[in-house]
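Turn this into a structure:
(2 chains)
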Number of protein chains: 2
Amino acid sequence: MTEKTVLVTGARGFFGGYVVEHYLAAGWRVVGLGHGSPGSACAGRVVWHQAPVSLERLERLEIEPDLLVHCAGGGSVSASLRDPFGDHARTVDTTAAVLEYIRRHCPRTPVVYPSSAAVYGNAAHLPASEGSTAPLRPASPYGMHKLMAEQLCASYGAHFGVSVAVVRFFSLFGEGQRKQLLWDACRKIGQRDDLYCGTGEESRDWLHAEDAARLVAAVAAQASPACPIYNGASGTTTTVRQVLTLLYRDLAPSRHPRFSLAVRHGDPCDQCADIGHTLSTGWAPQIRLETGVRRYAQWFEAVCDD
Amino acid sequence: MTEKTVLVTGARGFFGGYVVEHYLAAGWRVVGLGHGSPGSACAGRVVWHQAPVSLERLERLEIEPDLLVHCAGGGSVSASLRDPFGDHARTVDTTAAVLEYIRRHCPRTPVVYPSSAAVYGNAAHLPASEGSTAPLRPASPYGMHKLMAEQLCASYGAHFGVSVAVVRFFSLFGEGQRKQLLWDACRKIGQRDDLYCGTGEESRDWLHAEDAARLVAAVAAQASPACPIYNGASGTTTTVRQVLTLLYRDLAPSRHPRFSLAVRHGDPCDQCADIGHTLSTGWAPQIRLETGVRRYAQWFEAVCDD
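Okay, here's the model as predicted:
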């Protein structure tokens, strides 16, 4: 059997790293493009190109991948509020470059685009279901740019026959994630600061990045010019308080998180995912939240010991 | 009274030229940025910067305009199908640059974005009414990119307080337009070719570009962070056959247009504009279709005599 090749943009990002590991474990050749240098864990196993994702740079790779997973893009709501122009370039322009590269050079290569539940916006429209009828009201430049990138995917599918699948990931987490709730909480626990923004009752649908990477592979098989859209979530809603309680059990069993009641601009209040379409691919999440949080806590402790 | 300044991107395009003429006639100072050299008619009256629309180039203008009209952008459905990446750059990236320039340097300057009815897509969803509830199903990369540019306008309004107004223009026409139905028809009449694509029963809402430029000025007064959206149209639907009949009356009274019944990919079949919101600005179209077509025919004959 010929070895298959996957091209992963943003391969050095948090989620890109999980996608790389998934395909390495599955025996694929992995080519990465993006910022940062390859981690020691990947040394020698990934063909790494350290460069911004542009059409010109993609064309210079001179490969014909069997799959492209476009993980590059803006990484947070707050960064998009500080620098909307940069976030637009990172999310929308890189997607335009990826799709044009495919159209020109390997039009039969499917593309998976990991998008974000931020395209749905706030709690007024629950539950978030996939497909064109779901109301889309992004509440941040980050979410708007993800939506625009999805629209480019749909446009290249409809007009140029490019096969695409979009996954709108809800709250991804996993070892290696150096931002968002678990990272912030681990650091705060170390600083003996137990006060958190919000009410604690904000709900999220948490998915471990390892399950998410398996979902990328599942939807890759469904990519088509119709550009199907999937929610990337577990289907289970959990409050911030519940997640922190799990983390405290592992890291600070004698203490408890407290909440300031202040709400951050642009953050979704409550999100609840309908994953009926996602489950139809045959995929199902395998890592329980308790297990995932414990793995994260252990990773954080190991990192801090370094 | 201090002289006011308007910055017009794409000032050398067909519609940009009408916007320039409108503001010159109103006594404004006009600064233009975009491709092409200024026409003789504008010589000495417009401060012209011949350069692509980019954030860096906008910042080098070192002006603080009282209004920005962003006419730069992709110009046709067919060009967007040939070169979607270029169309994306011309429409979406220039809009990102314009909005970021405003956010950084003159956040109180209102922006008018001339968009297109192509954001509505095809005939299934008539009549096209403004506002967030109108179904948006662009049928071409051109239309999708215009929609993405609108979304950027709304995002910069919602998150950064930039005042914007969007006008979705239907079928603009006027002297100087060297493409689309009237231009093609005038050339065909000269070549004694009376066969046209389509059925002739496709309906459009035609608006003379002079009326459209007055509408830009009317909605500029309504620009706000809520990013109001207006349909730029006359409110009267006319078939292609009716328009051509008017043109033939002027240019080839003894002949008649015939129709091939073939339909062009990406072109809307029928569009009918609801202009209730537009009329609420106090604007109303002034140039009757018969008058506009006659002016166009006279201009074409003068151009051909050159």
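
Show residues contacting the strand or helix carrying A:V31.
Using DSSP states H and E, A:V31 maps to strand A:29-34. Strand A:29-34 is contacted from outside by A:3-13, A:16, A:20, A:23-24, A:38, A:42, A:45-53, A:57-58, A:61, A:63, A:65, A:71-72, using C-beta atoms under 8 Å, 6 or more residues apart in numbering or on different chains. All C-beta atoms are positioned from the backbone trio N, CA, C, and that covers glycine.

what pairs with that strand, and is each one parallel or antiparallel?
The strands that strand A:29-34 pairs with in its sheet are strand A:5-9 (parallel), strand A:46-50 (parallel) (by DSSP bridges).

what's around A:I63, how many residues?
14 (other C-beta atoms under 10 Å in any protein chain shown).

doesn't it fall inside a strand?
No: assigned with DSSP: H, G, I helix; E, B strand; the rest coil, A:I63 falls outside any strand and is coil.

Hmm, it is touching A:L7, no?
Yes: counting by C-beta atoms under 8 Å, A:I63 does reach A:L7; the two are 6.7 Å apart.

Which parts of chain A are helices?
For chain A, applying DSSP state H gives helices covering A:14-25, A:55-61, A:77-82, A:84-88, A:94-105, A:141-160, A:180-190, A:209-220, A:240-251, A:276-279, A:289-305.

counting contacts, what elements does the second one pack onto?
Same thing as helix A:55-61. When contacts are defined as 3 or more C-beta pairs under 8 Å, 6 or more residues apart in numbering or on different chains; DSSP states H and E, helix A:55-61 sits against strand A:29-34, helix A:94-105.

Export those as a markdown table, with columns for distance to B:A233.
As requested, those are exported to a markdown table (distance: least, C-beta to C-beta, whole Å):
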| stretch | distance to B:A233 |
| --- | --- |
| strand A:29-34 | 45 |
| helix A:94-105 | 30 |
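
how about the residues of chain A that lie near chain B?
Residues of chain A lying near chain B by C-beta under 8 Å from any C-beta of the partner chain: A:55, A:81, A:84-85, A:88-89, A:92-93, A:96-97, A:100, A:103, A:138, A:140-141, A:144, A:147-148, A:151-152, A:154-156, A:159-160, A:266.

same thing but at 7 Å, please
Within chain A, the residues that sit near chain B (C-beta under 7 Å from any C-beta of the partner chain) are A:55, A:81, A:84-85, A:88, A:92-93, A:96, A:100, A:140-141, A:144, A:148, A:151, A:155, A:159.

Put the buried members of the residues you listed into a PyMOL selection.
Burial among the residues of chain A next to chain B is assessed by 16 or more other C-beta atoms under 10 Å in any protein chain shown; the matching PyMOL selection reads:
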select buried, chain A and resi 55+81+84+85+88+92+93+96+100+140+141+144+148+151+155+159
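
Max pairwise distance over the residues of chain A next to chain B: which two?
A:L81 and A:H159 (32.6 Å; C-beta to C-beta).

What residues does whatever residue of the stretch 151-300 of chain A ends up closest to chain B make contact with?
Residue nearest to chain B within the stretch 151-300 of chain A (C-beta to the nearest C-beta): A:S155, separated by 4.4 Å. Applying C-beta atoms under 7 Å, 6 or more residues apart in numbering or on different chains to A:S155 gives the contacts B:141, B:144.

What separation do you get for it and A:C227?
For A:S155, the distance to A:C227 equals 9 Å [C-beta to C-beta, to the nearest Å].

Likewise for A:C272?
24 Å.

quick one: which of the two has more around it?
Comparing A:C272 with A:C227 by other C-beta under 10 Å, the one with more neighbours is A:C227, at 23 against 20.

residues in contact with A:C227?
Applying C-beta under 7 Å, 6+ apart, the residues near A:C227 are A:153-154, A:157, A:164, A:166.

Would you format those residues as CSV with pLDDT included?
Rendered in CSV, the data for these read as follows (pLDDT from 0 to 100):
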residue, pLDDT
A:C153, 98
A:A154, 97
A:G157, 98
A:V164, 98
A:V166, 98
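
Find the pair from those residues with maximum spatial separation.
A:G157 and A:V166 (9.8 Å).

what about those two, which has more around it?
Counted by other C-beta under 10 Å, A:G157 and A:V166 do not tie: A:V166 has more neighbours, with 25 against 22.

circling back: as JSON lines, the helices and strands packed on helix A:55-61 with mean pLDDT would be great.
Below are the helices and strands packed on helix A:55-61 laid out as JSON lines (pLDDT from 0 to 100):
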{"stretch": "strand A:29-34", "mean pLDDT": "96"}
{"stretch": "helix A:94-105", "mean pLDDT": "98"}
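
closest to B:L195 out of the ones you listed?
helix A:94-105 (33.0 Å).

how close does A:S115 sit to A:F160?
A:S115 is 19 Å from A:F160, by C-beta to C-beta.

same question, A:R45
33 Å.

the more surrounded of those two?
Taking other C-beta under 10 Å, A:R45 and A:F160 do not tie; A:F160 has more neighbours (17 against 13).

Output the strands paired with strand A:29-34 in CSV; the columns should cover mean pLDDT and mean neighbour count.
Compiled in CSV, the strands paired with strand A:29-34 are given as follows (pLDDT from 0 to 100; neighbours: other C-beta atoms under 10 Å in any protein chain shown):
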stretch, mean pLDDT, mean neighbour count
strand A:5-9, 98, 26
strand A:46-50, 93, 18
